[in-house]
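Asks: Need a 3D model of the sequence below.
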Amino acid sequence: MSSTELPFVPPANVLPKVAPVRVGEGERLRSVGLPGITLTVRSRPPAREGLPPALFVHGLGGSSQNWSALMEELEGDVDGEAVDLPGFGDSPPPDDGDYSITGHARAVIRFLDAFGRGPVHLFGNSLGGAVSTRVAAVRPDLVRTLTLVSPALPEIRVQRTAVPTGLLALPGVAGLFTRYSKDWTAEQRVRGVTALCYGDPGRVTPESFQHAVEEMERRLQLPYFWDAMTRSARGLVNAYTLGGQHALWRQAERVLAPTLLVYGGRDQLVGFRMSQKAARSFRDSRLLTLPEAGHVAMMEYPETVAGAFRGLVREGVGAGGAAASGGSGSSGGSGSSGGAGSSGGAAVSGGSGGAVVGSGGREGSAGASSGPGSGSVVSDGEGDATQASDRLDGAHGAPGVHDGSPKASGGGAASTASGGRGDATTASGGEADATTVGS
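Replies: Have a look, this model is predicted:
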């Protein structure tokens with residue numbers, strides 16, 4: 001090298017080489033470049049041409065792998081794609097460093113607009129549930145139906161087990177935790193996440209657990225891993241404090257699309273009692289509760305969630321309304337005072353005995369099959385969720401169909417949901433994602 005040549009210095013934004021992300025059998029991965037972001041998208045070829053599009057959005061610390069089991073269950077129903085939000089999975093950080101709920105929602109909207117995929121059946125878990133709620137509220141034209149699994153909507157009384165997730169948003173906490181846990185193995189971290197997110201960690205197969213460990217090892221090599229976690233946690237906490245038209249519960253009330261709400265009786269991150277508030281807030285909602293599930297029902301009980309979704313489609317979209325027509329077409333809010341799709345009734349889910357209850361003040365038929373799950377309990381929309389949860393403990397193995405009569409309250413109902421995915425870092429070693437656990 002001559003004295004006039006400068007030594008080569010690699011660009012600061014070059015990322016270290018890490019192991020490739022796992023791609024399940026029948027899945028495909030592609031990278032999509034959009035203004036300010038690059039997204040990795042996981043998909044499964046649909047069983048046949050012409051199926052309606054669906055998009056799946058993971059939670060804090062998760063990735064598109066969280067949806068692999070449900071996507072496989074629904075390959076004959078939808079043309080499904082799952083996105084890695086910026087900074088998670090195999091997607092690099094956003095150019096502007098915006099990890100707020102609005103920032104993540106903007107990424108989802110850009111993707112749907114760029115490829116003309118809307119209106120889609122939109123699915124969201126935890127943080128992804130908050131993101132999907134915002135997308136459905138501000139862009140109803142993009143959402144055909146909305147399915148939320150343990151959505152991270154504001155709670156006044158947060159469970160103690162969820163406190164470490166909130167603390168992650170505080171300045172300096174991530175650094176302290178990193179130093180505290182520096183000697184933890186990937187296996188220890190995954191066990192912590194699994195215990196936090198699954199209603200029954202024993203449902204995770206040895207093969208799935210090993211895949212999760214490998215994914216954890218990969219993520220810990222990424223220099224932006226903790227930054228994405230911390231900033232996204234901070235964005236979620238900030239969203240909880242917003243008022244006015246940007247408040248998440250206010251936006252839930254503006255959603256026009258028929259909505260399926262899934263809650264787990266053993267969820268340690270999102271309180272089961274919030275299922276009642278959610279059922280009352282989303283104007284055209286059905287509530288699926290699974291007694292043995294945790295935070296990621298779509299991973300533990302994909303068959304049950306898939307069955308409930310099919311019921312939502314038969315009932316909600318088949319009835320017309322905003323869902324079938326692609327929303328009101330406005331980009332800024334509810335606009336229309338009418339509901340979307342069906343105003344009541346209930347879809348019957350197959351699988352593990354969960355119950356689905358319709359909105360519009362009616363209890364529909366709540367199915368409980370002879371599958372592996374527990375029995376179900378259906379309450380009216382004004383019932384106490386805690387009470388319903390207590391009753392569920394004694395309802396194991398009690399299949400049956402309950403025909404309800406119209407109620408004046410117009411709320412949802414209590415069932416039980418299970419399945420947990422991991423959101424958040426905890427002192428027990430769960431900083432990663434439960435996404436990979438169960439993929």
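
Asks: The stretch 51-200 of the chain: strands as residue ranges?
Replies: For the stretch 51-200 of the chain, applying DSSP state E, counting those that start in this stretch gives strands covering 53-57, 79-84, 120-125, 143-149.

Asks: closest one to Glu217 among those?
Replies: strand 79-84 (17.5 Å; Cβ to Cβ). The way it works is simple: take the backbone N, C-alpha and C, and place the C-beta from them, glycine included.

Asks: Give the partner strands of that closest one in its sheet and their orientations.
Replies: Partner strands for strand 79-84, per DSSP bridges, with pairing direction: strand 37-43 (antiparallel), strand 53-57 (parallel).

Asks: and Arg157, which of the strands of the stretch 51-200 of the chain is closest to it?
Replies: strand 143-149 (20.1 Å).

Asks: Name every strand pairing with that closest one and say which way it goes.
Replies: The strands that strand 143-149 pairs with in its sheet are strand 120-125 (parallel), strand 259-264 (parallel) (by DSSP bridges).

Asks: returning to what we had before: output the strands of the stretch 51-200 of the chain in CSV; the columns should cover mean neighbour count.
Replies: Conversion of these to CSV gives the following (neighbours: other Cβ atoms under 10 Å):
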stretch, mean neighbour count
strand 53-57, 26
strand 79-84, 26
strand 120-125, 29
strand 143-149, 30
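
Asks: Between those strands, which one is closest to Glu215.
Replies: Closest of the strands of the stretch 51-200 of the chain to Glu215 is strand 79-84, at 11.9 Å (criterion: Cβ to Cβ).

Asks: any chance you could map the helices in the stretch 151-300 of the chain?
Replies: 163-167, 173-180, 186-197, 206-219, 225-241, 248-254, 274-281, 297-300 (DSSP state H, counting those that start in this stretch).

Asks: so of the ones you listed, which one's packed in deepest?
Replies: With neighbours taken as mean count of other Cβ atoms under 10 Å, the helices of the stretch 151-300 of the chain reach their highest mean count in helix 297-300, at a mean of 32.

Asks: list the helices and strands that one packs on?
Replies: Helix 297-300 sits against helix 68-73, strand 259-264, strand 285-290, helix 302-316, with contacts defined as 3 or more Cβ pairs under 8 Å, 6 or more residues apart in numbering; DSSP states H and E.

Asks: the inter-axis angle of the longest one versus strand 259-264?
Replies: Angle, helix 302-316 to strand 259-264, by axes from the mean of the first three to the mean of the last three Cα atoms, to 10 degrees: 160 degrees.

Asks: so where's the stretch 101-250 of the chain shaky on pLDDT?
Replies: Applying pLDDT under 70 to the stretch 101-250 of the chain flags residues 158, 161-170, 172-178, 180-181.

Asks: hmm, back to that, may I see the helices of the stretch 151-300 of the chain arranged in JSON lines, with distance to Ala19 as well?
Replies: Listed next are those as JSON lines, based on distance: least, Cβ to Cβ, whole Å:
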{"stretch": "helix 163-167", "distance to Ala19": "27"}
{"stretch": "helix 173-180", "distance to Ala19": "21"}
{"stretch": "helix 186-197", "distance to Ala19": "12"}
{"stretch": "helix 206-219", "distance to Ala19": "5"}
{"stretch": "helix 225-241", "distance to Ala19": "14"}
{"stretch": "helix 248-254", "distance to Ala19": "36"}
{"stretch": "helix 274-281", "distance to Ala19": "37"}
{"stretch": "helix 297-300", "distance to Ala19": "22"}
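
Asks: Ser68: which of the ones you listed is closest?
Replies: Per Cβ to Cβ, nearest to Ser68 of the helices of the stretch 151-300 of the chain: helix 297-300, 8.5 Å.

Asks: right, and the helices of the stretch 151-300 of the chain - which one's nearest Met71?
Replies: helix 297-300 (9.2 Å).

Asks: Could the C-alpha coordinates of the closest one be exported in PDB?
Replies: Backbone C-alpha positions of helix 297-300 (Å, rounded to 0.1, in the frame of the first residue of the first chain) are rendered in PDB as follows:
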ATOM      1  CA  ALA A 297     -51.800 -19.300  22.300                       C
ATOM      2  CA  MET A 298     -51.000 -19.500  18.600                       C
ATOM      3  CA  MET A 299     -47.900 -21.500  19.500                       C
ATOM      4  CA  GLU A 300     -49.400 -23.900  22.100                       C
END
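
Asks: Give me the neighbour count for Leu256.
Replies: 29 (other Cβ atoms under 10 Å).

Asks: Near the spatially closest residue to Met229 that is not a sequence neighbour, how many residues? Count them for me, please.
Replies: Spatial nearest neighbour of Met229, excluding adjacent residues (Cβ to Cβ, 6 or more residues apart in numbering): Gly61 at 6.0 Å. By the measure other Cβ under 10 Å, the count of residues near Gly61 is 30.
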